[in-house]
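S.K.: give the three-dimensional model of this entry:
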Amino acid sequence: MSVTTGRPCSATGDFLPPGTPAPSHTSADPADWAPYADRIQFETAEFLYKRTQMSQGNVDFLMDLWAASLLQHGGVPPFANFKHMHELIDSTPLGDAPWATMEASFIGDLPNNPPSWMTAKYELCFRDPRVCARNMLANPDFANEFDAVPYREYDGRMRRRYCDLLSGDWSWRQADLIAADPNTHGAMLVPLVLGSDKTTVSVGTGDNEYYPLYISLGNVHNNVRRAHRNAVMVLAFLAIPKADKKYRKDPRFRKFRRQLFHTSIAAILQPLKAVMSKPEATRCPDGHFRRAIYGLGPYIADYIEQVLVGNIVQGWCVTCPTLQANLEQPPDGNIRCRAYTDAVIAGMDLKSLWQEYGIVGDLILEHGETKAQEIMDQIDRRINAVPSFPGLRNFKQGRDFKQWTGDDSKGLMKVYLPAIADFVPKDMLRAASTFIDFCYLVRRSVHSEETVQQIEDCLTRYHQYREIFRTTGVCEDGFSSLPRQHSAWHYPGHIRNFGSPNGLCSSITESKHIKAVKEPWRQSNRYEALSQMLLTNQRIDKLAAARTDFKARHMLDGTCLSATLQAILAEMTAEENVDAEADAAAEQPLDEDDEDDAVGVVEGGRVLGDVVLARRPARGYPRDFRSLGAHIGVPNLSRLIARFVYNQLHPDAQLADDAPTPRRPDIEGHVK
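M.R.: The predicted structure follows:
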């Protein structure tokens, strides 16, 4: 039985008695906005830098306008300029995960005239994965969507349910392996989910490709990982080796490209090695400290990336060792493992091991190219004719997309079957329908043994119907060249091991490209953009961490305006209390020494005079009565003004000197 229980401990790793409350996430004062002056300054920085991504020149222009509007009132804008704003964001201590760089290069024997890829230096930019993991673990925003231990969930009829990563069998097996060491008892398994995928930031600008490596926690729920809630961070930007066209298929270049990828990953993950066997105390989203044991969990990648990560020949299955010629058959239950890989490498020469295979089928054999294009055009017109209706998407260009997104595919699935009806044989339509059913089933957030069985039934029916593609000559050589279709057989096993696939889908990393790569690139000046993108990501992480901290301290309740109004009302209430105390003191009888000061009219000759007020108010004076009285040395100024206003409004009922201070009248409109 596993004893990886995720038991709370102290910051030094000592286990706490059951029921011990979690310590506060911060000891800071609820009104402490450091390093920001107040809420306005923080929210302005977040709005300009993160939400609107305003350019530096526009920030300066806005601050200039802001300063001009406040000049006559003696106020200042939140920032002097964009540099001031950047300095404040950079000084935020929360969410800090600095970037580091290292260089790599080819170290083999060089020919007489080596190609450029052999002599080039490749820069790798990365963060400490341990720091990134600790920052994500300490995020209180995940407190109610975080699992500290593997679990098994059952419905009312005692049927197993699979949802998040720690609900699967894989996490149980990992916990059992960890528990084999008595020194790890009571620890918490922290599976790290990595993912990588190249992305292009623009078209036609030359060097426009980037290769981000992402990191996430397996402990957070799938919906958190999908919802852009800072549960996925950029861990590194990997180097992309470039070669002239004639060298792109050179076996030496291909081997170097693979070696560079794996060597980079190994170097980046090196700081985790010590805490993969010896636990360290780290703060969790619920506020407790736990002794964490880190491990490598599933890797998020599309098929091409999986081939690279697994060192598998393209065209083969990355999950099981089924021969390529037999990919149309169900797997025999075996999966790839380190022992199998080592045995294959030892028993085969490198040329045979790494040789790539690929088969391109002709999809227009029966009709000819002209007729086939007419049919495709009719299908496009049907797709374009879909009416506007909730839940349906209208494709104005049919299915003629240069680049498909996950949302595009989901939208097309809803209208694809009626679009191809009457153009393909019935069994082809049934095959498409069954495969779409399979797609909808595996996309569920929660799976039970019943839905897993439905997935297996869909696969059985699909493989029965898809024979029409072989008999009609579309795939007369069979389906062995389609490893992605073969991978569908592994979904039931993956669900049982890792929970619902929608928490480990490559669309998570693809959508992260927008915030982590594309938008930071647009904010840069395009010259040596990567260094600017690294800094932008770091600042965005700091702003996100600061927001989480302020939110946990209830400092962001309501809007900025409502919070300011509440502060003003609180100050006015405090003034009323001070005035009441002053009134009570004024009602005390006067001493004999004060009798002369109480005389209303001073004897002497009268003079003719008048008072002329300045056209503009003097600057630098407080704007409330209590502060103004203290500033000019008249602490009871508020009471004197109240008596003066009352006497002006009631000339026939003058207040006696010993009368209590009247309530200040309500004033509507602007007062100058």
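S.K.: any idea what the closest residue in space to residue 537 that isn't next to it in sequence is bridged to?
M.R.: Counting by C-beta to C-beta, 6 or more residues apart in numbering, residue 537 lies nearest to residue 234, which is 5.4 Å off, once chain neighbours are set aside. C-beta coordinates here come from the backbone N, C-alpha and C atoms, glycine included. For residue 234, the beta-bridge partners under DSSP bridges are residue 214.
S.K.: per-residue confidence for residue 234?
M.R.: pLDDT recorded at residue 234 is 97.
S.K.: that one: neighbouring residues, count only.
M.R.: A total of 27 residues lie near residue 234 under the criterion other C-beta atoms under 10 Å.
S.K.: so it is in contact with residue 213, correct?
M.R.: Yes: assessed by C-beta atoms under 8 Å, residue 234 is found in contact with residue 213 at 7.5 Å.
S.K.: show me where this structure has strands.
M.R.: With strands called from DSSP state E, the chain shows them at 8-9, 99-104, 122-127, 153-154, 160-162, 188-196, 199-200, 209-210, 212-217, 232-237, 280-283, 289-300, 447-448.
S.K.: the ones you listed into a markdown table, with extra columns for distance to residue 265?
M.R.: Output for the strands of the chain, formatted as a markdown table (distance: least, C-beta to C-beta, whole Å):
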| stretch | distance to residue 265 |
| --- | --- |
| strand 8-9 | 31 |
| strand 99-104 | 12 |
| strand 122-127 | 10 |
| strand 153-154 | 33 |
| strand 160-162 | 28 |
| strand 188-196 | 8 |
| strand 199-200 | 18 |
| strand 209-210 | 16 |
| strand 212-217 | 7 |
| strand 232-237 | 9 |
| strand 280-283 | 22 |
| strand 289-300 | 10 |
| strand 447-448 | 30 |
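S.K.: and of these, who's closest to residue 634?
M.R.: Closest approach to residue 634 among the strands of the chain is made by strand 280-283 (52.3 Å; C-beta to C-beta).
S.K.: from the contact counts, what lies against that closest one?
M.R.: Identification of packing neighbours for strand 280-283 by 3 or more C-beta pairs under 8 Å, 6 or more residues apart in numbering; DSSP states H and E yields helix 129-137, strand 289-300.
S.K.: out of those, which is closest to residue 190?
M.R.: From the helices and strands packed on strand 280-283, taking C-beta to C-beta, the stretch that ends up closest is strand 289-300, at 4.7 Å.
S.K.: what strands flank that closest one, and is each parallel or antiparallel?
M.R.: strand 8-9 (antiparallel), strand 188-196 (parallel), strand 280-283 (antiparallel).
S.K.: give me the buried stretch members for it, please.
M.R.: Within strand 289-300, the residues that count as buried by 16 or more other C-beta atoms under 10 Å are 289, 290, 291, 292, 293, 294, 295, 297, 298, 299, 300.
S.K.: now do that strand against strand 232-237, angle only.
M.R.: 70 degrees (axes from the mean of the first three to the mean of the last three C-alpha atoms, to 10 degrees).
S.K.: now find how far off-centre strand 289-300 is within its chain.
M.R.: Distance of strand 289-300 from the chain centroid (C-alpha atoms, centre = their mean, to the nearest Å) equals 18 Å.
S.K.: what's the answer for stretch 147-160, then?
M.R.: 28 Å.
S.K.: what's the first-to-last distance across it?
M.R.: 18 Å (C-alpha to C-alpha, to the nearest Å).
S.K.: touching that stretch from outside, list them.
M.R.: 2, 4-6, 161-164, 166-167, 171-172, 174-175, 188-189, 219-221, 284, 290, 448-450 (C-beta atoms under 8 Å, 6 or more residues apart in numbering).
S.K.: and if we set it to 6 Å?
M.R.: Stretch 147-160 is contacted from outside by 5, 6, 161, 166, 167, 171, 172, 175, 188, 219, 448, 449, using C-beta atoms under 6 Å, 6 or more residues apart in numbering.
S.K.: for it, buried residues please.
M.R.: Neighbour counts over stretch 147-160 (16+ other C-beta under 10 Å) mark 147, 148, 149, 150, 160 as buried.
S.K.: next one: stretch 553-573
M.R.: Buried residues in stretch 553-573, counted by 16+ other C-beta under 10 Å: 553, 555, 556, 563.
S.K.: give me the nearest residue to the second one, chain neighbours excluded.
M.R.: Looking back up the chat, that one is residue 555. Per C-beta to C-beta, 6+ apart, closest to residue 555 is residue 30, 6.3 Å.
S.K.: one step back: show me what contacts the residue nearest to residue 537?
M.R.: 212, 516, 537.
S.K.: same deal with residue 513?
M.R.: Shown in contact with residue 513 (C-beta under 6 Å, 6+ apart): residue 199.
S.K.: how about a cut-off of 10 Å?
M.R.: Contacts for residue 513 were tallied using C-beta atoms under 10 Å, 6 or more residues apart in numbering; they are 197, 198, 199, 200, 201, 210, 212, 214, 234, 519.
S.K.: ok, the residue lying closest to the last one once chain neighbours are set aside to residue 514 distance?
M.R.: Spatial nearest neighbour of residue 519, chain neighbours left out: residue 53 (6.3 Å); criterion: C-beta to C-beta, 6+ apart. The spacing between residue 53 and residue 514, counted by C-beta to C-beta, to the nearest Å, is 12 Å.
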